[in-house]
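Trainee: dropping a prediction and its sequence here:
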Protein chains: 4
Amino acid sequence: MAQIGIGILGGGYMGKAHAVAMSAVGAVFNTALRPRLEMVCASSQASAERYRGAYGFERATDDWRVLVNDPKVGAIIIASPQETHREVAEAAFALGKPVFCEKPLGASLADSAAMVAAAEASGCVNMVGFNYIRTPASQFARKLIADGEIGDVTWFRGEHTEDFYADPEAPATWRTTGDANGTMGDLAPHMINAALALLGPVDRVMAEVETVHASRPGGEVTNDDHAQMMCRFENGAMGHMYFSRVATGRKMGYAYEITGTKGAIRFDQEDQNALWFYRMDEPEATRGFRKILTGPAHPDYRPFCQGPGHGTGYQDQIIIEARDFLSAIETGEAVWPTFRNGHDVNRVIAAAMTSSGSKTWQEIKAF
Amino acid sequence: MAQIGIGILGGGYMGKAHAVAMSAVGAVFNTALRPRLEMVCASSQASAERYRGAYGFERATDDWRVLVNDPKVGAIIIASPQETHREVAEAAFALGKPVFCEKPLGASLADSAAMVAAAEASGCVNMVGFNYIRTPASQFARKLIADGEIGDVTWFRGEHTEDFYADPEAPATWRTTGDANGTMGDLAPHMINAALALLGPVDRVMAEVETVHASRPGGEVTNDDHAQMMCRFENGAMGHMYFSRVATGRKMGYAYEITGTKGAIRFDQEDQNALWFYRMDEPEATRGFRKILTGPAHPDYRPFCQGPGHGTGYQDQIIIEARDFLSAIETGEAVWPTFRNGHDVNRVIAAAMTSSGSKTWQEIKAF
Amino acid sequence: MAQIGIGILGGGYMGKAHAVAMSAVGAVFNTALRPRLEMVCASSQASAERYRGAYGFERATDDWRVLVNDPKVGAIIIASPQETHREVAEAAFALGKPVFCEKPLGASLADSAAMVAAAEASGCVNMVGFNYIRTPASQFARKLIADGEIGDVTWFRGEHTEDFYADPEAPATWRTTGDANGTMGDLAPHMINAALALLGPVDRVMAEVETVHASRPGGEVTNDDHAQMMCRFENGAMGHMYFSRVATGRKMGYAYEITGTKGAIRFDQEDQNALWFYRMDEPEATRGFRKILTGPAHPDYRPFCQGPGHGTGYQDQIIIEARDFLSAIETGEAVWPTFRNGHDVNRVIAAAMTSSGSKTWQEIKAF
Amino acid sequence: MAQIGIGILGGGYMGKAHAVAMSAVGAVFNTALRPRLEMVCASSQASAERYRGAYGFERATDDWRVLVNDPKVGAIIIASPQETHREVAEAAFALGKPVFCEKPLGASLADSAAMVAAAEASGCVNMVGFNYIRTPASQFARKLIADGEIGDVTWFRGEHTEDFYADPEAPATWRTTGDANGTMGDLAPHMINAALALLGPVDRVMAEVETVHASRPGGEVTNDDHAQMMCRFENGAMGHMYFSRVATGRKMGYAYEITGTKGAIRFDQEDQNALWFYRMDEPEATRGFRKILTGPAHPDYRPFCQGPGHGTGYQDQIIIEARDFLSAIETGEAVWPTFRNGHDVNRVIAAAMTSSGSKTWQEIKAF
Ligand SMILES: NC(=O)C1=CN([C@@H]2O[C@H](COP(=O)(O)OP(=O)(O)OC[C@H]3O[C@@H](n4cnc5c(N)ncnc54)[C@H](O)[C@@H]3O)[C@@H](O)[C@H]2O)C=CC1
Ligand SMILES: NC(=O)C1=CN([C@@H]2O[C@H](COP(=O)(O)OP(=O)(O)OC[C@H]3O[C@@H](n4cnc5c(N)ncnc54)[C@H](O)[C@@H]3O)[C@@H](O)[C@H]2O)C=CC1
Ligand SMILES: NC(=O)C1=CN([C@@H]2O[C@H](COP(=O)(O)OP(=O)(O)OC[C@H]3O[C@@H](n4cnc5c(N)ncnc54)[C@H](O)[C@@H]3O)[C@@H](O)[C@H]2O)C=CC1
Ligand SMILES: NC(=O)C1=CN([C@@H]2O[C@H](COP(=O)(O)OP(=O)(O)OC[C@H]3O[C@@H](n4cnc5c(N)ncnc54)[C@H](O)[C@@H]3O)[C@@H](O)[C@H]2O)C=CC1
């Protein structure tokens, strides 16, 4: 069975998630290409060594160039802070190596534009880590809409809300500085990507981006705590999105409600194995939102479990990503979302930031 | 026991609701002042007679002047279309009679301004029919916020969504013409009033108002199907509201989510006997939104039932309104929401309509 | 319009509920027969007078014989403790007067047997106060089952759980003595009646009846705190019921789950405006329990409100009962549930009490 | 890092789940002992080979003796039908090898008794595959009860309900014959184990076990479709359990409700990342069941994800089992649930089967 050496940059939250995913994906999906945890890179040699041992990599380094250049590393996963994404990706593409990059794609619109250029010039497989849209429920929601089951979409409401900074006394850290680490940089990309996946391109936005707690123990906060935007999709649908890291009580509030002329869909990641679906074409007395529990009848569920309602979790989303990345490498076919898709997300964010400053509607095509 | 003759203008949806409420309110609340169903007025003598018989009024008329002028009619309830509100109210105030007027207050901002002037000049009791805010759950939500239980409010999301026009084939009627009958005129007032009650005044809005189905069997649609607005409250909170009559699957989507620095509240009128409340000051492992079932511990519940969780319904909200109206008449004290409050709701609506046209933020104080 | 004088025995929890219902029912349902609150009876003249004033009765008495015998009292509602039910009902039937009796029917099986005999001998309208089965949701559940929408029923699970005695420190009162005031006497009847209405007769039961807190501040507890029973219905379905007044956290846990060969139904009175319905004959991917919000398409909803999802509450159930009682009086037709139905509920209870003592299955037909 | 060769018997539903778990567990939990997928065994060499390739085992066999005897196989996982459990386990223990056996433990009470004897005689690590109790939510429920947070338990209701045989036209297979494959054999063990874990030993049971559809296309059904039992726990709590494979609409209805004198807990595996918890010691107005989303504050969650509410799934339960099995092997300490615990589950089942036949209460200690 064909093998490929995987190099992961970062051994923290997402570095670990990808290491686990690469350990499990072969057995889960019976992939044609089998990953081998070749090398992990972290800020210090000590931490890199620790990750190597914990996750089962062959080797460790504290220099990303070593990782990228290593001949046994056949594909790169970037799971380090946004500021690092661009140069690592560019270096990898220069060597003709496929790259999976965590969201957001780079630390700025300039970054992601450059990364798209590099990716496309190289012809290498390139993919961005929008994992939430990969649950069986959200994949099925996409299918229902694409199949016309809810008719023409008239309204979209999305949010990505968490509360890890809800406490005004939570101290300032690197997370409270830098646009790319604020709510628009860190949380918005997931839901904007979902919106694009579910409804298609956004035409224009009108946004408000705000820092709620401008100063925290330990320093000033220079990026945003929450933000909202009204938006208009190219298909004509009206929409709204809200992003927050101060949404008291919300833990994984990646949620959407989509209204169509024939039906409606509701989803909340906090109950990720349920999709709510309403059909208008039934007798009035028995109409209602039905709670569909995901199961083998839904995309990418069966490999995890034969029983419906048994449920998948966060880590499983990363395993699905791993399967998609490996299969793109094996077949050479592009896999959604590519860097271009990730850049399109960044364009909406850039338009929203501009809109918030100018208090005017901004067309995405200008970004 | 003191009695008062009630005259109701309109015997339809709300005319009936108020007639029932006035029949029941004395026994429910042991009111000092007891209402007597004196006279009902409708468009035709035949329908007025039918309503008289059905609801138990003493007399019937097809001329609202007869109703207003009748000496045995001591208080007027206006439950007829928005176009009729103003002249009836003005006539009643001129005679020194208390008026309860269904929402929205009049058919336009000019109407409601004139109605406020007439009400205040007369010194009569004047009240607007925002019933949803009177559930025990929403009254308790107001109290939690006022008591500081969720800290400083940072975010408000409200909606009033129904789907009675979701079907594009639903025919055009009088409801599909006239601003006052569109979604902004018909549904928005309830939630805007809730927002003002829960958070205080709105400072400015940025809105989009839209007709989704511009033509329906039977004619053109000249008012709005759905609308959204971003808003900023005077207390600094950011907010968003959405109103729709095409929200497929939603039947009584009067719902709000309020985030504060210490807690959060969630409510959906489709489950009107539950209020969701989150407190941050608990051990992390046992924190969660708690589903509080309304009961005798909550405002205005006990008179309906001694048992918690037994539940109140739509009609009970109108009975609570009746109690408030009667008690204002008896004591002479103003009762929230007065016509001025109803006019303040209309000012927000007017600002939103202007904003939607100009695509700019509009300050409420300019309206 | 024909009128009838109503006499209510009791002015407490249920006495008030019926007084309110009789005040409102005419306007709500446009009944042919219109009730007049003629006389209220309570334990003392003082309290009776207080109820008279509060609820709007013409007269008051502390002697139930005066109430029953009064020529202007055309129908009797018994809303006093179970010990009083029998003699009052017998006296009323002797005078040819219709009787509505609160649940349970009498204080014992002997009582209810005698009451059935008296009722049937008199030919008078006789009805028992099982209000919960009258919500639009539960009426619709009955209809779905009767129409075969869930196929053959294989399993029934019902409960009536509240927590007003969950606190072991709650003091002993009259409620903690006497079988008729225990959980089997006070709460079980509602759910047993529901089971009979939804599935038909019970064939046999095997029960456990228990006092959890045998002594409370103020005295010994001589009746039961909670009880369970396995049961077999005549239609072959297996079932289970649980009743509790110590069900911490449950406020109105009148809930059932019914499984059939083609579908299933779930209901919980704590969200009384929703019925959950599952159909097996749909594509696997879109199957799920749908949450049906009650509305004008469901039994007895429209008179309360034209809008679906707007909701009915506890008091509305009593208004529906009032309509049924009045219409039975007017037409002379028996109305479900009659005293015989109430007695059938008591027979199941008696069988359960015997079973709990003997630890054997008991056939209902033996009781 | 120490390694151990794992041999898995069976490559179907659970064989795969364990293979995946063993691939991932090292990286997830940073285990001291690292598993190596050494050999897989299945009924035919062809299928065994297929599993080897798919899951990444070194070798494959169709003879379980080869698997058990192989010197490189240091620990055995039995994921084959119940009939095979006993002889494989006995052979493994005879060689001093640790055994993890899927539930139920053996095909009969005699099997599990023998397996306990063999396990205890050998002194080897022995563990049974009750995975559902290992979710962070259910582990936390155990802790809440053990810590006295809900006081003394008065009532337990558990169910394990699915609907894979709800359709009467679903054909007869091996699953529809043999006690060990019926609902009592296949589904009941999970919930009985949960009951024992949450409340402690069961003292006695009174059960009904039933075949709903005695004949199916393809043959007669000789085991049970659903079953219920009333039970009494040694701690005095009353309880009830229900098990069904014909529970139309239920997909993973592993659910329990536990009432105590100070609080209550509710859980449903269909929403496995939420635990509902009620406390009585709060002001009446703000009491309610709180929906706790699992997160790093709960047992065994953090290794899967640092973010609360992000959720774990079915496969993650098996990974937690793998960690426990490996750590027991490494430390030599027994790990719950041992074969004895699995046998205790079987004793309750045996008592229930006897009870159903004799229609009498059965004490567990007699089995
Ligand atoms: N898809 C998702 O659900 C999530 C995505 N992310 C994204 O994943 C990326 C990583 O975030 P986390 O894992 O949360 O961060 P983290 O702080 O947990 O880990 C970052 C890792 O990068 C390493 N690192 C940092 N700078 C480095 C450098 N110059 N050279 C080598 N190694 C370096 C650190 O040593 C550390 O191991 C970010 O882009 C973030 O936005 C983060 C959390 C969730
Ligand atoms: N608070 C709430 O939940 C609701 C409030 N409303 C408000 O209640 C008012 C009435 O609406 P509906 O009851 O739905 O209308 P409807 O169409 O059901 O009834 C209107 C009634 O007014 C009478 N009427 C109309 N023009 C008249 C005239 N010139 N003279 C005498 N009688 C006249 C009609 O005969 C009819 O009886 C409106 O202002 C509406 O916005 C309506 C529905 C719900
Ligand atoms: N359907 C339902 O949801 C409910 C039904 N009930 C039933 O309603 C009945 C009454 O219960 P509650 O209203 O809770 O009782 P309560 O204690 O609130 O009121 C009882 C009333 O009966 C009067 N009364 C008692 N003995 C009397 C006598 N000998 N002569 C005249 N008046 C007498 C008392 O003065 C009092 O006004 C009971 O049968 C009870 O089981 C009670 C609560 C709910
Ligand atoms: N914990 C849980 O959630 C679940 C546990 N189980 C349990 O897991 C065990 C296996 O069930 P499934 O995986 O559903 O079965 P399955 O039918 O999917 O797979 C059984 C495997 O055992 C192999 N096998 C059967 N007889 C064999 C023999 N004599 N020698 C060698 N290999 C043999 C087959 O080739 C097959 O690979 C059972 O004990 C079952 O009760 C099953 C499903 C879920």
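Mentor: Thanks, I have it. Ligands and ions are numbered 1, 2, ... in the order given.
Trainee: OK, contacts around residue A:187?
Mentor: Residues counted as contacts of residue A:187 (C-beta atoms under 8 Å, 6 or more residues apart in numbering or on different chains) are A:160-162, A:243-245. (C-beta placed from N, C-alpha, C; glycine too.)
Trainee: pLDDT value on residue A:158, please?
Mentor: What the model reports for residue A:158 is a pLDDT of 98.
Trainee: er, residue A:235 I mean
Mentor: Per-residue confidence (pLDDT) for residue A:235: 97.
Trainee: secondary structure class for residue A:335?
Mentor: Following DSSP: H, G, I helix; E, B strand; the rest coil, residue A:335 is assigned to coil.
Trainee: what of residue A:278?
Mentor: Secondary structure, three-state DSSP: residue A:278 is strand.
Trainee: next one: phi and psi at the nearest residue to it once chain neighbours are set aside?
Mentor: The shortest distance from residue A:278 to any non-neighbouring residue, by C-beta to C-beta, 6 or more residues apart in numbering or on different chains, is to residue B:249 (3.5 Å). Per-residue torsions, residue B:249: phi 100, psi -20 (degrees, to the nearest 10).
Trainee: I'd assumed residue A:40 was in a helix, is it?
Mentor: No: assigned with three-state DSSP, residue A:40 falls outside any helix and is strand.
Trainee: thought residue A:12 was touching it, still the case?
Mentor: No: Residue A:40 sits out of contact with residue A:12 when judged by C-beta atoms under 8 Å, with a separation of 10.8 Å.
Trainee: which residues of the stretch 201-350 of chain A lie near chain C?
Mentor: Along the stretch 201-350 of chain A, the residues adjacent to chain C under the rule C-beta under 8 Å from any C-beta of the partner chain are A:277, A:283-293, A:295, A:297-298.
Trainee: give me that answer again for 10 Å
Mentor: For the stretch 201-350 of chain A, the residues in contact with chain C (C-beta under 10 Å from any C-beta of the partner chain) are A:274-279, A:282-299, A:308.
Trainee: just the buried ones out of the residues you listed, please.
Mentor: A:274-279, A:285, A:287-299, A:308 (16 or more other C-beta atoms under 10 Å in any protein chain shown).
Trainee: what's the domain layout of chain A?
Mentor: Here the domain assignment for chain A is A:3-132, A:133-312+A:345-358, based on automatic domain parsing.
Trainee: got CSV for the ones you listed, with distance to ligand 3 too?
Mentor: Shown next, in CSV, are the domains of chain A (distance: least, C-beta to the nearest ligand atom, whole Å):
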stretch, distance to ligand 3
domain A:3-132, 46
domain A:133-312+A:345-358, 26
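Trainee: SS state for the spatially closest residue to residue A:268 that is not a sequence neighbour?
Mentor: The shortest distance from residue A:268 to any non-neighbouring residue, by C-beta to C-beta, 6+ apart, is to residue A:255 (4.1 Å). With three-state DSSP as the basis, the three-state label of residue A:255 is strand.
Trainee: my read: residue A:255 touches residue A:162, true?
Mentor: No: checked against C-beta atoms under 10 Å, the pair residue A:255 and residue A:162 is beyond contact range at 11.5 Å.
Trainee: pick out whichever of those two has more residues nearby.
Mentor: Applying other C-beta atoms under 10 Å in any protein chain shown to residue A:255 and residue A:162 shows that residue A:162 carries more neighbours, namely 24 against 20.
Trainee: now do the contacts for the more buried one.
Mentor: Residues counted as contacts of residue A:162 (C-beta atoms under 10 Å, 6 or more residues apart in numbering or on different chains) are A:183, A:186-187, A:243-247, A:249-254, D:307-310.
Trainee: and residue A:276, what does it touch?
Mentor: A:137, A:141, A:257, A:264-268, A:288-292, B:249, C:288, C:290-291.
Trainee: isn't residue A:154 right next to residue A:257, touching?
Mentor: No: using C-beta under 10 Å as the test, residue A:154 is too far from residue A:257 to be in contact (11.6 Å).
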